[in-house]
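Trainee: from the sequence below, what's the structure:
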Amino acid sequence: MRIAVAANSGWYLYNFRRSLMAALRDAGHRPVAISPRDEYIERLIDEGFDFIEFQLDAAGVNPIRELTTVHRLRQLLVGGCFDAAFTYTPKANIYFGMAAKGLGLQHVPNVSGLGRVFIASSWLKPVVSMLYRRAFQSSRVVIFQNDEDQREFLEQGLVQSGRTLRVPGSGVDLDQFRPAPERTSAHSDNSDALVFLFIGRILGDKGVLEYVEAARLIKAEKPQMVFRILGNIGAQNPTALSPEQVQSWVNEEVIEYLGATDDVRPAIAAADCVVLPSYREGVPRVLLEAAAMARPCIATDVPGCRDAVDAEVTGLFCTVRSPQSLRDALLRFAALSQAQRVEMGRQGRLKVEREFDERIVLSTYVKLASEIAAELAAARSARAA
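Mentor: As a prediction, this is how the structure comes out:
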């Protein structure tokens, strides 16, 4: 089959769905990446994947412009002769669902978190809920990454009962993310000099402001503590922080900014604990990657993060939007013995092996593709007869 694999950025497709596209290709299908063009698209093309550029304004809310986008997308789908579409990120899920109506294309959206409209309740929430309901009416199945998002969609009638499926996030490549050696430097032996690491886009919704404020509170008492940030600045998001803001934290000596990277493993290995005080997630891959490398995590007690962390076993929880609660969790972690921290990391690795192996996710999608292909083949045979 010819399968559209779509999201709001090439960065997302390259970092989170490249393995899926490879698995679909290995199964005999022809996956086609669809997204706005960025520097990551060239990498997908270099790996032999087809690409169709489609501009999708992740932050746009102008009704006329957005309807025009849906119309252009429908033309693209008709011209591309697609059999199925696997879509990711809120706008791609909604717009593909609306554009694909009546085309005979099997749409399989993946809800990896509800988007910031559901985080910050506003006049847009009922509008977006209506759009989800309409877009998912004809979807073959809607895939969710955590039980709470799935339950909320069902309770609000945004998706039909019996047409949902739960997968464990986007999974982790357990061969690529292996347990890192225990840190043997002075940082590991001195609880006042632990290294904490935030990984993610520099967004307010990711809890970066709470992380910085908690770091500020702790460093006033324990200046040896190290707080690092790794991630992109300037994302297309209303809560994105500016480069000047991040630089001011560096100048204040509250945090160390590591920039952005395509390989987070060295930064995780150099940290004692990975921190994600996000407001809401699908299943945050950064926590899974940290756990796969045997690093404990501190996260907010919110949907998505609750799936990735077992409280007091693989990490600790804090209250969302509370720098004080995060500060307390960081200090609680620092008070643990080195042996306790190592055991948390070991349990995290075991959890990822049990629940979040990437092969679970890939096999689900390949099975879906096989079922769709078989149905299409049967329909063609029936018509020929």
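
Trainee: out of the helices and strands in the chain, which is least certain?
Mentor: Lowest by mean pLDDT, DSSP states H and E among the helices and strands of the chain is helix 186-189, with a mean of 48.

Trainee: now do stretch 5-14, average pLDDT.
Mentor: When pLDDT is averaged over stretch 5-14, the result is 95.

Trainee: so what touches that stretch?
Mentor: Stretch 5-14 has contacts (CB atoms under 8 Å, 6 or more residues apart in numbering) with 16-17, 20-21, 24, 31-41, 43-44, 54, 56, 58, 85-89, 91-92, 96. The way it works is simple: take the backbone N, C-alpha and C, and place the C-beta from them, glycine included.

Trainee: on that earlier part again, next helix or strand past the least confident helix or strand of the chain?
Mentor: strand 195-199 (DSSP states H and E).

Trainee: for that following strand, the distance to its chain's centre please.
Mentor: From the chain centre to the centre of strand 195-199 is a distance of 18 Å (CA atoms, centre = their mean, to the nearest Å).

Trainee: do the same with stretch 63-78
Mentor: 25 Å.

Trainee: buried ones in it?
Mentor: Buried residues in stretch 63-78, counted by 16 or more other CB atoms under 10 Å: 66, 69-70, 73-74, 76-77.

Trainee: would you list the residues you listed in TSV and tack on distance to residue 356, pLDDT and secondary structure?
Mentor: Supplementary listing: the buried residues of stretch 63-78 in TSV, determined by distance: CB to CB, whole Å; pLDDT from 0 to 100; DSSP: H, G, I helix; E, B strand; the rest coil:
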residue	distance to residue 356	pLDDT	secondary structure
66	34	88	helix
69	34	94	helix
70	34	95	helix
73	32	96	helix
74	36	96	helix
76	33	96	helix
77	32	95	helix
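
Trainee: can you give me the buried ones in stretch 193-202?
Mentor: 193-202.

Trainee: same deal with stretch 159-168?
Mentor: For stretch 159-168, by 16+ other CB under 10 Å, it's 159, 164, 167-168.

Trainee: just the closest of those to residue 283, please.
Mentor: Distance to residue 283 across these (CB to CB) is lowest for residue 168, with 6.6 Å.

Trainee: can you tell me the closest non-neighbouring residue to the closest one?
Mentor: residue 356 (4.8 Å; CB to CB, 6 or more residues apart in numbering).

Trainee: ok, so what distance separates the one you found from residue 128?
Mentor: Distance of residue 356 to residue 128, given as CB to CB, to the nearest Å: 28 Å.

Trainee: these two: who's more crowded?
Mentor: residue 356 (25 against 19; other CB atoms under 10 Å).

Trainee: what's the spacing between the more buried one and residue 290?
Mentor: 12 Å.

Trainee: what is in contact with those two at once?
Mentor: Counting by CB under 8 Å, 6+ apart, no residue touches both residue 356 and residue 290.

Trainee: count the residues that sit near the closest residue to residue 50 other than its chain neighbours.
Mentor: Leaving out its chain neighbours, the residue that sits closest to residue 50 by CB to CB, 6+ apart is residue 32, at 4.4 Å. As a burial measure, residue 32 scores 18 neighbours (other CB under 10 Å).

Trainee: in three-state terms, label residue 32 for me.
Mentor: Three-state call for residue 32 (DSSP: H, G, I helix; E, B strand; the rest coil): strand.

Trainee: isn't it right next to residue 49, touching?
Mentor: Yes. Contact criterion CB atoms under 8 Å: residue 32 and residue 49 qualify, at 7.5 Å.

Trainee: give me the most central residue, the protein.
Mentor: residue 284 (5.2 Å; CA atoms, centre = their mean).

Trainee: gap between that one and residue 372?
Mentor: 29 Å.

Trainee: repeat that for residue 205.
Mentor: Residue 205 is 34 Å from residue 372, by CB to CB.

Trainee: same check, this time on residue 159
Mentor: Distance of residue 159 to residue 372, computed by CB to CB: 19 Å.

Trainee: can you list the weak-confidence ranges in the stretch 151-300 of the chain?
Mentor: 184-190 (pLDDT under 70).

Trainee: one more time with 50
Mentor: 185-188 (pLDDT under 50).

Trainee: for it, just list every one of the helices.
Mentor: For the stretch 151-300 of the chain, applying DSSP state H, counting those that start in this stretch gives helices covering 186-189, 208-219, 243-251, 265-269, 285-292.

Trainee: out of these, which gets nearest to residue 330?
Mentor: helix 208-219 (6.1 Å).

Trainee: one step back: make CSV out of the helices of the stretch 151-300 of the chain and add distance to residue 335 and mean neighbour count.
Mentor: Formatted as CSV, the helices of the stretch 151-300 of the chain follow (distance: least, CB to CB, whole Å; neighbours: other CB atoms under 10 Å):
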stretch, distance to residue 335, mean neighbour count
helix 186-189, 14, 13
helix 208-219, 12, 22
helix 243-251, 25, 13
helix 265-269, 22, 17
helix 285-292, 20, 28
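
Trainee: can you check which of those helices gets nearest to residue 329?
Mentor: helix 208-219 (8.4 Å).

Trainee: if I take that closest one and strand 195-199, what angle do their directions form?
Mentor: 170 degrees (axes from the mean of the first three to the mean of the last three CA atoms, to 10 degrees).

Trainee: show me what helix 208-219 is packed against.
Mentor: Applying 3 or more CB pairs under 8 Å, 6 or more residues apart in numbering; DSSP states H and E, one finds that helix 208-219 contacts strand 195-199, strand 226-230, helix 323-335.
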